[in-house]
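[1] fold the following, please.
(2 chains)
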2 protein chains.
Amino acid sequence: MKKNIIVGQSGGPTAVINGSLYGVVSEGLKQAETGCIYGMINGIEGFLHDHYMDIGALDATNELELVRTTPGAYLGSCRYKLPEDLNDPVYPELFKKFDEKEIGYFFYIGGNDSMDTVSKLSRYAAGIKSDIRFIGVPKTIDNDLVETDHTPGYGSAAKYVATVVREISADATVYDNKQSVTIVEVMGRHAGWLTAASMLARKFEGDNPVLIYLPEVAFDQNAFIEKVNKCLETTPNLVVCISEGINDGKGTFICEYASDVGVDNFGHKMLTGSGKYLENLVKEKIGVKVRSIELNVCQRCSCAHLARVDLDEAVNAGIYAVHAALEGETGKMITFVRNKSVPYELSYGTADVNIICNKEKPVPAEWIINEGSDISDDFIDYARPLTQGYVELPTKNGIPLFAYRR
Amino acid sequence: MKKNIIVGQSGGPTAVINGSLYGVVSEGLKQAETGCIYGMINGIEGFLHDHYMDIGALDATNELELVRTTPGAYLGSCRYKLPEDLNDPVYPELFKKFDEKEIGYFFYIGGNDSMDTVSKLSRYAAGIKSDIRFIGVPKTIDNDLVETDHTPGYGSAAKYVATVVREISADATVYDNKQSVTIVEVMGRHAGWLTAASMLARKFEGDNPVLIYLPEVAFDQNAFIEKVNKCLETTPNLVVCISEGINDGKGTFICEYASDVGVDNFGHKMLTGSGKYLENLVKEKIGVKVRSIELNVCQRCSCAHLARVDLDEAVNAGIYAVHAALEGETGKMITFVRNKSVPYELSYGTADVNIICNKEKPVPAEWIINEGSDISDDFIDYARPLTQGYVELPTKNGIPLFAYRR
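    Okay, the predicted model is just below:
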């Protein structure tokens, strides 16, 4: 008997999360064993409120092809955590809905928290002897999932950060040689993978960004000021990249040091990022011209610097997930296994989702050098292959065209 | 006798200011009447300190071709205003330097202030009967120069803003339907051309950004809150674009209303942009989830969304400048004359730099509709042709390659 597929997206969007959605849907449509392909609107949370669509039907139009290159999460996302207690009534409620829709295959595209959802649903299914198969498809610009060489979404985000930091560095040196400091704050609360990618912006040895700080190493404010002073001697227009999550190593984020910044016009406490805090610190301690730039949400959802390698791998992860489910796997996440870096060769595998969920993979300590202010060349060998290749985007009236739910 | 060329860049960088530099240099190299081509490092200010280079020599390498697609200002820029008094000793000092280098043709690529430099030098030259010819090449993302249909740099910046606002809008709707407001602050202190371009982000009628505010119309905070409340009824995830220069119509920028936000950890007064101020206002008056995003320097110097039309016109402006100078013109700026919009046709002309400098061209009042909260479709006909076409960038290791001075 044919069984239906349901697929959802969860957590923060990326530039290629819809590539994986495209992979699941396009491959699902090809299979004899599968029927309809449903998409959960706003993940498992929306599905609980009966928000879903017949995403397989998009195939009849050009829309599915457009989904492939559209950044953001076409189906919408959620940040909903299923209860720890598998006796919670939400589980039978969900499985009743699965049964009503004759679901045989459940795919969830997301990061740590999404894998937690796959873990719980597959464990509950085992308990009630349901034969629905639950497969996680990895996705995160943070690149912090264990058991996989890297994650879809990281390559394009890394390319975005490297390119934009190169542009910011060009902008920073446009005026004269008077000293200036530009602090660029990159996403990443706990893992510095994305900030590390800023080193790919360098055009020559010693080029900006000269200093790079990740959350993996305790951040010492005095040492930072000393480094900046030293670097300004040789690089008068200095660019520094920091992770939003840099911290003192004792559990306090650097941005939390800005606790006394006062309130806005309306009495709300002003929140300050780590970049803004360090901007003020440099102004106070060194007195040179200084600005901080927080890369905005485009670092996670821009189509500007899609890496073909990343997009292709995201699509393949979706395709591989369909095959894994049809072959009987459940409670698994698709993983990337790097065979070699030069030339770059990847294979796909699966790993137990229970050992993946709620864990984080940091940048290796040995790759963080110069007292935590730089990244070693090992990182280049790791990251560069993931940022390769250009993707031609469909455009209309000169602007990239995106798919959207009507 | 052959005379040499000198060329400089001034004011803020753009994505195509180096296209104009490429135009001047490549065309200058072809002429029998011209000798060396010098580039002022950091504009007229740098030249006063004898900072210049033989930029014509780049032609022997691939570097000149690379300059064409490199964002930022290859020669470096300055924000230096020549004295109003033409009897100031800086003028004979400059002309002595010109004579020493046998300069016959002076090209200055920039905006209002740069045209002021061209104006003063050409008037001084007339006074001393110097035959050096002074030509301005327009450049500004602000698109606010008079006597020209538009300015090089605007088309690519407009395309950048439209694309990024479309991406931000995709990101803003990723979670569920709980109401949210995203405020995007776009560059433009006095003219709203660049902010207006955000309307090109709309995928369908009524799409985000639903509200757009320019500095040309007085901004009423109460009316704004009413509009936002009303729009949230039909667009639960609302995106609003504002110019950094929105003001109350009585000479006070909206950001200046945030005068009481207190001081940072070090006692410095906290500066808040108009976007951040409105974020706090929405939080206070409406209470929905709200964030503000300041588009960073990439809106002026990103290579991500180079418009071929814009780059080609920037190059042509440089080429046309060389011809104008050789034909004996001086004290002129190259202008763009639109023959028609559909199909788009442009010719090049010149205008007296004295009636251009220190003036600003606002967005026409009749294009600003809905009580100053939207832009009419007339703007689309005007702006869309300027954003067309894709430019393939040279890359190295997957990242766009930029030229830089060694």
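
[2] so for the spatially most central residue of chain A, what's the pLDDT?
    Against the mean C-alpha coordinate of chain A, by Cα atoms, centre = their mean, the closest residue is A:I141 at 1.8 Å. At A:I141, the model reports a pLDDT of 96.

[3] how about the closest residue to it other than its chain neighbours, what does it touch?
    With Cβ to Cβ, 6 or more residues apart in numbering or on different chains as the criterion, A:I141 has its nearest non-adjacent residue at 3.8 Å, and that residue is A:A157. Using the backbone N, CA and C atoms, a C-beta is placed for each residue, glycine as well. Neighbouring residues of A:A157 by Cβ atoms under 8 Å, 6 or more residues apart in numbering or on different chains: A:14-15, A:141, A:194, A:197, A:299-300.

[4] ok so, going back, I'd say the residue nearest to the centre of chain A and A:C298 touch.
    No. Using Cβ atoms under 8 Å, A:I141 makes no contact with A:C298, being 11.1 Å away.

[5] one step back: how close does the residue nearest to A:I141 sit to chain B?
    13 Å (Cβ to the nearest Cβ, to the nearest Å).

[6] pLDDT score for that residue?
    98.

[7] could you do A:S341 as well?
    So A:S341 comes in at 88 (pLDDT).

[8] that one: neighbour count?
    By other Cβ atoms under 10 Å in any protein chain shown, the residues close to A:S341 number 14.

[9] without its sequence neighbours, what residue ends up closest to it?
    A:D381 (5.1 Å).

[10] what of A:V391?
    A:L306 (4.1 Å).

[11] would you agree the one you found is in contact with A:E392?
    No. With contact defined as Cβ under 8 Å, A:L306 does not count as touching A:E392 (9.4 Å).

[12] neighbour-wise, which of the two wins?
    The residue with more neighbours, out of A:L306 and A:E392, is A:L306; 25 against 10, by other Cβ under 10 Å.

[13] all strands of the stretch 301-406 of chain A, in order?
    Counting by DSSP state E, counting those that start in this stretch, the stretch 301-406 of chain A has strands at residues A:332-341, A:344-352, A:368-369, A:374-375, A:395-396, A:399-400.

[14] give me the mean pLDDT for the fifth one.
    For strand A:395-396, mean pLDDT rounds to 92.

[15] over to stretch A:107-125?
    On average, stretch A:107-125 scores 96.

[16] how about it and chain B, touching?
    No. Using Cβ under 8 Å from any Cβ of the partner chain, stretch A:107-125 stays clear of chain B, coming no nearer than 12.1 Å.

[17] which positions in stretch A:317-330 come out as buried?
    Buried residues in stretch A:317-330, counting neighbours by 16 or more other Cβ atoms under 10 Å in any protein chain shown, are found at A:317-322, A:324-326, A:329-330.

[18] just to revisit the earlier point, and the residue nearest to the centre of chain A, what does it touch?
    A:I141 neighbours (Cβ under 8 Å, 6+ apart): A:12, A:14, A:153-154, A:157, A:187, A:194, A:299-300.

[19] try 6 Å
    A:14, A:153-154, A:157, A:194, A:300 (Cβ atoms under 6 Å, 6 or more residues apart in numbering or on different chains).

[20] could you chop chain A up by domain?
    A:3-153+A:303-358+A:389-400, A:154-301 (automatic domain parsing).

[21] which stretches of the stretch 51-200 of chain A form helices?
    Assigned helices in the stretch 51-200 of chain A, in chain order: A:63-68, A:90-100, A:112-127, A:154-172, A:193-196 (criterion: DSSP state H, counting those that start in this stretch).
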